[in-house]
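Enquirer: Turn this into a model:
(2 chains)
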2 protein chains.
Amino acid sequence: MRILLGSGGFGSEERRALLCTEMRRFFGDVQRILFVPYALHDHQAYRKAMVERGFSAGYEFVGIDSYANPIAALAEAEAVYVGGGNTFRLTHDLHRYGLLEPMRQRVAEGMPYMGVSAGTNVACPTMQTTNDMPIVMPPSFETLGLVPFQINAHYYPGQVWVQKDGAFLEHLGETRADRIREYHEMNSLPVLGLSEGTFLLREAARYELRGGNAVLFRAGFPELELKANLDLADIFIG
Amino acid sequence: MRILLGSGGFGSEERRALLCTEMRRFFGDVQRILFVPYALHDHQAYRKAMVERGFSAGYEFVGIDSYANPIAALAEAEAVYVGGGNTFRLTHDLHRYGLLEPMRQRVAEGMPYMGVSAGTNVACPTMQTTNDMPIVMPPSFETLGLVPFQINAHYYPGQVWVQKDGAFLEHLGETRADRIREYHEMNSLPVLGLSEGTFLLREAARYELRGGNAVLFRAGFPELELKANLDLADIFIG
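Expert: Here you go, the predicted model:
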């Protein structure tokens, strides 16, 4: 299995360059990548923007929405890139088109899977550690389970701040750690809080953090900070 | 109908004082308030903390979880306060205990309803504009519909910032406005972004913003900033 999961937050020039470097390293001499744009509303505009804004790293991106039969498109794909947006909408469409089991099979056979943000969330057993708004009800929160734990994308520690009249004001809502603790009140899977601009690479049973750090949350254990370039094989037995 | 909906973010001393002032103005000479703690995991600890930390404004708070029959408890209640926490968990339990329709009826008869954060979200037609993590799947996103529009609690404009090594770094995830725009790609109800420390008061057909401001999002229209103390009757025909 070859899986590359990006947290998101690739809007800056430096981070986009990192994204493209990681993509070329991961996809190598693949020619065409099947792009899954379901997390955004306008699929064609999304694919176009990815290419024009340099997020396709020079690969040919073919939208799964351009095929009459998405399952057949997946069966023939060399590699897959599942883009970010709204995770509820993405999960809804993966169920609607019957893509969960075919995707799992292709990835198990060795087809490279890359996801960013929502595309990372759906690589987990469930979409329950998303930060997105429930704009549509999927039939279930079950997702692909390409890794045996949950990921919280766009992770940050502590409180956030908002700008008002040029000053920073603390926002008093729940922190991410609060939300993940609430997840663990009702669920038991470990949750990896993946900082923006960071990737988790899985090659068979080997897991590696690239480009940034992460925090591991396990029910009943203290948080564990994980540094870049760490081999996570000892932590995640996949 | 008498409804008081707080955005949340009452963690500072000043905002807690505002909360208590608004509660006393709203509940008046009510003696006992039925407290609905379902949004948090530990119901008894939640009620205790509300009282000890001064969030009950001197009223007697009786937890709905202390009754064998929550529908009977609601039938006898003078007033209701639905606390914050996780909106998925709260919605799940409101459905589980069959409380949606009985709550609507009591509020229609004049029982005062106060909600904060998650308790504000469930006062809307659906819980679809929550910021919370989907830690549990409710049977439906349908909620009480005590107001004919959606509210986004803890609203802030623009991007958020995180602190790293003493400096502020911009977080590159979706803004609230982005998320609400995505909601409007699939849904049509207006969404009121309610700033922290702000209340929406409904008395019959009259709506009033108290303590802060809000931004109104309507599909296909520009955002509209709403100032405190504005009578919203012209905007929301309830």
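Enquirer: State the three-state secondary structure for residue A:41.
Expert: coil (DSSP: H, G, I helix; E, B strand; the rest coil).
Enquirer: What is the neighbour count of the nearest residue to it once chain neighbours are set aside?
Expert: The shortest distance from residue A:41 to any non-neighbouring residue, by Cβ to Cβ, 6 or more residues apart in numbering or on different chains, is to residue B:185 (4.3 Å). C-beta here means a position set from N, CA and C on the backbone, and glycine is covered the same way. Residue B:185 is flanked by 14 other residues according to other Cβ atoms under 10 Å in any protein chain shown.
Enquirer: likewise residue A:20?
Expert: With other Cβ under 10 Å as criterion, residue A:20 counts 17.
Enquirer: element containing it?
Expert: With secondary structure defined by DSSP states H and E, residue A:20 is part of helix A:13-27.
Enquirer: thinking again about what came up before, any idea how far the residue nearest to residue A:41 is from residue B:87?
Expert: Using Cβ to Cβ, to the nearest Å, one obtains 21 Å as the distance from residue B:185 to residue B:87.
Enquirer: Which pLDDT value belongs to residue A:140?
Expert: At residue A:140, the pLDDT value in this model is 97.
Enquirer: Helix, strand, or coil at it?
Expert: With three-state DSSP as the criterion, residue A:140 reads coil.
Enquirer: residue contacts, it?
Expert: Residue A:140 makes contact with A:95, B:137, according to Cβ atoms under 8 Å, 6 or more residues apart in numbering or on different chains.
Enquirer: Next, residue A:46: secondary structure please.
Expert: Relying on three-state DSSP, one would call residue A:46 helix.
Enquirer: Now do the phi/psi pair for residue A:208.
Expert: The phi/psi pair for residue A:208 (degrees, to the nearest 10) reads phi -140, psi 140.
Enquirer: That one: neighbouring residues, count only.
Expert: A count of neighbours around residue A:208, defined by other Cβ under 10 Å, yields 16.
Enquirer: Show me where chain A has its strands.
Expert: Counting by DSSP state E, chain A has these strands, from start to end: A:2-6, A:32-36, A:60-63, A:80-82, A:113-116, A:150-155, A:160-164, A:167-170, A:191-195, A:199-203, A:206-210, A:214-217, A:224-226.
Enquirer: Throw these into CSV and include distance to residue B:11 and mean pLDDT, thanks.
Expert: Output for the strands of chain A, formatted as CSV (distance: least, Cβ to Cβ, whole Å; pLDDT from 0 to 100):
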stretch, distance to residue B:11, mean pLDDT
strand A:2-6, 33, 98
strand A:32-36, 40, 98
strand A:60-63, 45, 98
strand A:80-82, 37, 98
strand A:113-116, 33, 98
strand A:150-155, 22, 96
strand A:160-164, 14, 79
strand A:167-170, 9, 80
strand A:191-195, 22, 95
strand A:199-203, 33, 95
strand A:206-210, 33, 90
strand A:214-217, 23, 94
strand A:224-226, 26, 90
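Enquirer: how about those strands in JSON lines, adding distance to chain B?
Expert: Converted to JSON lines, the strands of chain A look like this (distance: least, Cβ to the nearest Cβ, whole Å):
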{"stretch": "strand A:2-6", "distance to chain B": "12"}
{"stretch": "strand A:32-36", "distance to chain B": "17"}
{"stretch": "strand A:60-63", "distance to chain B": "18"}
{"stretch": "strand A:80-82", "distance to chain B": "17"}
{"stretch": "strand A:113-116", "distance to chain B": "12"}
{"stretch": "strand A:150-155", "distance to chain B": "4"}
{"stretch": "strand A:160-164", "distance to chain B": "4"}
{"stretch": "strand A:167-170", "distance to chain B": "6"}
{"stretch": "strand A:191-195", "distance to chain B": "10"}
{"stretch": "strand A:199-203", "distance to chain B": "15"}
{"stretch": "strand A:206-210", "distance to chain B": "17"}
{"stretch": "strand A:214-217", "distance to chain B": "12"}
{"stretch": "strand A:224-226", "distance to chain B": "13"}
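Enquirer: Of all these, which one comes closest to residue B:216?
Expert: Ranking those by distance to residue B:216, with Cβ to Cβ as the measure, places strand A:160-164 first at 18.8 Å.
Enquirer: who does that closest one pair up with?
Expert: Strand A:160-164 has these partner strands in its sheet, going by DSSP bridges: strand A:167-170 (antiparallel), strand B:161-164 (antiparallel).
Enquirer: Put the alpha carbons of the last one into PDB.
Expert: Right, strand B:161-164. Below are the C-alpha coordinates for strand B:161-164, written out as PDB (Å, rounded to 0.1, in the frame of the first residue of the first chain):
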ATOM      1  CA  TRP B 161      -4.400  32.900  13.700                       C
ATOM      2  CA  VAL B 162      -2.400  30.500  15.900                       C
ATOM      3  CA  GLN B 163       0.500  31.200  18.200                       C
ATOM      4  CA  LYS B 164       3.800  29.500  17.600                       C
END
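Enquirer: Identify whichever of the strands paired with strand A:160-164 lies nearest to residue A:133.
Expert: Smallest distance to residue A:133 across the strands paired with strand A:160-164 (Cβ to Cβ): 20.1 Å, for strand B:161-164.
Enquirer: List the buried residues of the closest one.
Expert: For strand B:161-164, the buried set under the neighbour-count rule, 16 or more other Cβ atoms under 10 Å in any protein chain shown, comprises B:161, B:162, B:163.
Enquirer: So the last one sits against residue A:175, correct?
Expert: What it means is residue B:163. No. Applying Cβ atoms under 8 Å as the test, residue B:163 and residue A:175 come out as separate, 11.9 Å apart.
Enquirer: any residues in contact with both of the two?
Expert: Residues touching both residue B:163 and residue A:175 (Cβ under 8 Å, 6+ apart): A:158, A:159.
Enquirer: Could you let me know which of the buried residues of strand B:161-164 ends up closest to residue A:68?
Expert: residue B:162 (44.0 Å).
Enquirer: so who does that closest one touch?
Expert: So residue B:162 contacts A:156, A:157, A:158, A:160, A:161, B:168, B:169, B:171 (Cβ under 8 Å, 6+ apart).
Enquirer: Quick check: the fourth one touching residue B:158?
Expert: Meaning residue A:160. No. Using Cβ under 8 Å, residue A:160 is not in contact with residue B:158, being 11.6 Å away.
Enquirer: shared neighbours, those two?
Expert: Counting by Cβ under 8 Å, 6+ apart, nothing touches both residue A:160 and residue B:158.
Enquirer: who's more crowded, those two?
Expert: Taking neighbours as other Cβ under 10 Å, residue A:160 and residue B:158 compare with residue A:160 leading, 20 against 12.
Enquirer: Enumerate the beta-bridge partners assigned to the more buried one.
Expert: Under the criterion DSSP bridges, residue A:160 forms beta bridges with residue B:162.
Enquirer: Kindly report the same for residue A:36.
Expert: Going by DSSP bridges, residue A:36 forms beta bridges with residue A:82.
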